[in-house]
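Visitor: predicted model and sequence follow; I will ask about them next.
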Amino acid sequence: MTAKKRPRYTLLDDPGSAAGNEIIVTIFDWQGKAPIRATLGWMAHSREGAHVGPDESEEVDVGLALAQAQRLLQRYGFRRIVIVLEHEDLWDPAWGDLVRR
């Protein structure tokens, strides 16, 4: 039996530095005034001649946002998922590993 591989995400300090083929998951709590939530989005992206326009989701639970990002990664051929944190202590290690770009 093999152990399930932990997800690995790249941490960005600036969402503007994301590449066009990366899904951006932004995690925030409105400076401690609200529950931890996330949005996911991306810039325009093309794969095999199919264009995926830019988009951003509504606020959702972080786990739901990460799961949706994984599905989009597979479906549209994005290169990776990147994370933007409102502040560093929002990350829960249960979600996976973070590496700084």
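Guide: Sure, I can see it.
Visitor: V60 pairs with what?
Guide: With DSSP bridges as the criterion, V60 is bridged to A38.
Visitor: give me the pLDDT for it.
Guide: If you check V60, the pLDDT there is 94.
Visitor: cool, and I23?
Guide: 91.
Visitor: what lines up beside the helix or strand where it lies in the sheet?
Guide: Element membership for I23 (DSSP states H and E) is strand 22-28. Sheet partners assigned to strand 22-28 using DSSP bridges are listed as strand 37-42 (antiparallel), strand 80-85 (parallel).
Visitor: hang on, isn't G41 packed against E22?
Guide: No: G41 is not in contact with E22 according to CB atoms under 8 Å; the separation is 10.1 Å. The C-beta positions use only the backbone N, C-alpha and C, and glycine is treated the same way.
Visitor: the two - which one has more neighbours?
Guide: More crowded of G41 and E22, by other CB atoms under 10 Å: E22, with 21 against 16.
Visitor: hey, which helix or strand in the protein has the poorest pLDDT?
Guide: strand 45-47 (a mean of 57; mean pLDDT, DSSP states H and E).
Visitor: which residues in this protein form helices?
Guide: For the chain, the helices defined by DSSP state H occupy 62-76.
Visitor: beta partners for the residue most central in space within it?
Guide: Here the mean C-alpha position of the chain is nearest to the C-alpha of V25 (CA atoms, centre = their mean), at a distance of 2.7 Å. Beta-bridge partners recorded for V25 (DSSP bridges): L40, I83.
Visitor: wait, I81 sits on R71?
Guide: No: using CB under 8 Å, I81 and R71 do not qualify as a contacting pair, with a distance of 10.8 Å.
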